[in-house]
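Chemist: Got a predicted structure plus its sequence, pasted below:
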Amino acid sequence: MEEHIILSECLEDQLKAVEWARAEQKRLLKEKGEQISMELMKENDSIYFEIAKGVNIYNSCTSAL
């Protein structure tokens, strides 16, 4: 259930409050999306590093044959 609070009787002030809330919501969603994206990139980098390390070990073992 949503609750609504009237901060001011003036409609212009209410409109400004709604616009601010929408902008703040958009900013927070963007910030959270960027944070999730960075975490995924770090995770993928570590996976790629492990794969590359495994390929290098394989190559060094096969070249010795």
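Modeler: Now that the structure is in, tell me what you want to look at. From a predicted model like this one, the values you see are computed outputs, not experimental measurements.
Chemist: How far does the helix or strand containing residue 47 sit from its chain's centre?
Modeler: If you go by DSSP states H and E, residue 47 is part of helix 11-63. Here helix 11-63 is found 4 Å from its chain centre; the criterion is CA atoms, centre = their mean, to the nearest Å.
Chemist: Sketch out the low-pLDDT regions of the chain for me.
Modeler: 1-7, 55-65 (pLDDT under 70).
Chemist: I'd like to know how many residues surround residue 17.
Modeler: By other CB atoms under 10 Å, 14 other residues sit near residue 17. Backbone N, C-alpha and C define where each C-beta goes, glycine included.
Chemist: any idea how far residue 11 is from it?
Modeler: Distance from residue 17 to residue 11, counting by CB to CB, to the nearest Å: 11 Å.
Chemist: Repeat that for residue 27.
Modeler: Distance, residue 27 to residue 11, using CB to CB: 24 Å.
Chemist: same question, residue 33
Modeler: Using CB to CB, residue 33 is found at 33 Å from residue 11.
Chemist: Ramachandran angles for residue 9?
Modeler: Dihedral angles of residue 9 (phi, psi; degrees, to the nearest 10) stand at phi -80, psi -20.
Chemist: show me the contacts for it.
Modeler: Going by CB atoms under 8 Å, 6 or more residues apart in numbering, residue 9 touches no other residue.
Chemist: Residue 8: which element?
Modeler: Short version, using DSSP H and E: residue 8 is in no helix or strand.
Chemist: What residue, apart from its backbone neighbours, is nearest it spatially?
Modeler: In this structure, residue 8 finds its nearest non-sequential neighbour in residue 14, 6.1 Å apart by CB to CB, 6 or more residues apart in numbering.
Chemist: Number of residues surrounding the one you found?
Modeler: Neighbour tally, residue 14, other CB under 10 Å: 14.
Chemist: circling back to that earlier point, and the helix holding residue 47, what does it pack onto?
Modeler: Based on contacts counted as 3 or more CB pairs under 8 Å, 6 or more residues apart in numbering; DSSP states H and E, there is no element that helix 11-63 packs against.
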